[in-house]
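A.B. asks: Next one to model:
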Amino acid sequence: MKARTTLLFILIAVCICLAFVLDIVWGATSIPIGDVLKALSGSTDTTYNYIVQNFRLPKALATLFVGAGVAISGLQMQSLFRNPLADTSILGINSGAGVGVAVYTMAYTLFPSLIISSAVASSWGIIVAACLGSVGVLLVISLVASRLGDMISILIVGVMIGFLASSVISVLQFFSSEATLKTYLLWSFGSVSGVTWRQLSLMLPIIGLGLGLSMLMPKQMNALNLGEHYARSVGTNVTLARVALVGITSLVTGCITAFVGPITFLGIAVPHFVRTIFRTADHHILIPATMLSGALLLLICDIFTQVPGYQFVLPINALTSLLGAPVVIWVIMRGRKNNQVFR
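C.D. replies: From the prediction side, this is the model:
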């Protein structure tokens, strides 16, 4: 069993390396792999070098970290709520970021004096707005968690925040112009193609910190997975573990949503994919495996969003939804067949 697990880790790592290089090679302009390797080593000064160094390499790095972050956030939510269909949107963090971006890009229609024009909305303005929206929701969730010890109540609050956010966004969309709607819609599709080195310098340390903290949580997640009473019986501080999981997930998800938009379904699909191929519920294995698998699957999705010869990139959420939706259906059918909620 240990040899099989080691072999799977090696296989996933090799596939990540191949997918990473292919993600740089593949695109509207196909670049020979030899030129890609030269550009990565800095031994050439050509147009290919400029494309690789300034566009495709930061995009591939962002995809790597975003995939790992979204996947581990989904695993943490599933362990926290002991629900196989839990995702980061369950806390309303994505919804909060969506409201922030909607207000930034569309509020000009209702309040012309507040914003010069949504047509000149900058990428940094959208990032700041999404961060503020995510932080706002995090503060609300933290307040609720401090007053209520019941995770079901916190879950309901997260769902209600999502409904409230949808209502606010719908009102803004109704009164907005076509240009402002397009700006918001493009953000909501989710995309890693516009990430720059400057943005990466802020995004990667935050996501890296979240991933590092997640690696410290396998014991607590294993205990929570078996129920609150068991967790307490083995000496786990349940309240502290819950706060840590919510904090780590909020940090990673808020950062990812701010910089690349909401990435859907990956957080649901990847943990189930990992449990199936590794045949384990031990989070000492699941946590690193989920990070690696999330990075690999988002790299693959990003590769398929690019069509050589065409100057456009498909929305990455279209690919992640095609991957995740069948997994959700499978989980529901499997749960009903086995007459249980979480395995």
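A.B. asks: Grab the CA positions of stretch 269-286 and hand them over as CSV.
C.D. replies: Output of stretch 269-286 as CSV, limited to C-alpha atoms (Å, rounded to 0.1, in the frame of the first residue of the first chain):
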residue,chain,number,x,y,z
ALA,A,269,-14.2,17.3,-7.5
VAL,A,270,-10.6,17.0,-6.6
PRO,A,271,-10.9,15.6,-3.0
HIS,A,272,-13.2,12.9,-4.2
PHE,A,273,-10.9,12.1,-7.1
VAL,A,274,-8.0,11.8,-4.6
ARG,A,275,-9.9,9.6,-2.2
THR,A,276,-10.8,7.3,-5.1
ILE,A,277,-7.3,6.8,-6.5
PHE,A,278,-5.4,6.7,-3.2
ARG,A,279,-8.1,4.6,-1.4
THR,A,280,-7.6,6.3,1.9
ALA,A,281,-9.3,8.8,4.3
ASP,A,282,-6.0,9.7,6.1
HIS,A,283,-5.4,13.4,5.7
HIS,A,284,-1.7,12.9,6.1
ILE,A,285,-1.9,11.6,2.5
LEU,A,286,-5.0,13.4,1.3
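A.B. asks: Give me the most central residue, this structure.
C.D. replies: Val70 (2.9 Å; CA atoms, centre = their mean).
A.B. asks: Tell me the spacing between that one and Ala289.
C.D. replies: Val70 sits 15 Å away from Ala289, going by CB to CB, to the nearest Å. Every C-beta, even on glycine, is put in place using the N, C-alpha and C of the backbone.
A.B. asks: Leu57 is in contact with Leu40, correct?
C.D. replies: Yes - counting by CB atoms under 8 Å, Leu40 touches Leu57, with 7.1 Å between them.
A.B. asks: Now list whatever residues contact both of those two.
C.D. replies: Common neighbours of Leu40 and Leu57 (criterion: CB atoms under 8 Å, 6 or more residues apart in numbering): Ile24.
A.B. asks: On the three-state scheme, the residue nearest to Thr46 when sequence neighbours are not counted is what?
C.D. replies: Nearest residue to Thr46, sequence neighbours excluded (CB to CB, 6 or more residues apart in numbering): Asp35, at 7.2 Å. Using DSSP: H, G, I helix; E, B strand; the rest coil, the structure places Asp35 in helix.
A.B. asks: what about Asp35, neighbour count?
C.D. replies: Look at Asp35: counted by other CB atoms under 10 Å, it has 17 neighbours.
A.B. asks: Could you report the pLDDT at it?
C.D. replies: For Asp35, the pLDDT comes out at 79.
A.B. asks: and it, how far is that from Ser89?
C.D. replies: Applying CB to CB to Asp35 and Ser89 gives a distance of 40 Å.
A.B. asks: which residues of this protein score low on pLDDT?
C.D. replies: Counting by pLDDT under 70, the low-confidence segments of the chain come to 1, 42-45, 107-123, 142, 145-146, 148-151, 307-312, 331-332, 334-343.
A.B. asks: switch to 50 and redo it
C.D. replies: For the chain, the stretches flagged by pLDDT under 50 are 115-120, 339, 341-343.
A.B. asks: Can you report how many residues neighbour Gly158?
C.D. replies: Neighbours of Gly158 (other CB under 10 Å): 24.
A.B. asks: For Cys131, give me its contacts.
C.D. replies: Contact analysis of Cys131 by CB under 8 Å, 6+ apart lists Ala97, Gly100, Gly254, Cys255, Ala258.
A.B. asks: Out of those, which comes closest to Ser177?
C.D. replies: Closest approach to Ser177 among the contacts of Cys131 (CB to CB): Gly100, at 19.4 Å.
A.B. asks: Remind me which helix or strand the closest one belongs to.
C.D. replies: Per DSSP states H and E: Gly100 is located in helix 93-106.
A.B. asks: ok, back up a step: who has more neighbours, Leu40 and Leu57?
C.D. replies: Leu57 (19 against 16).
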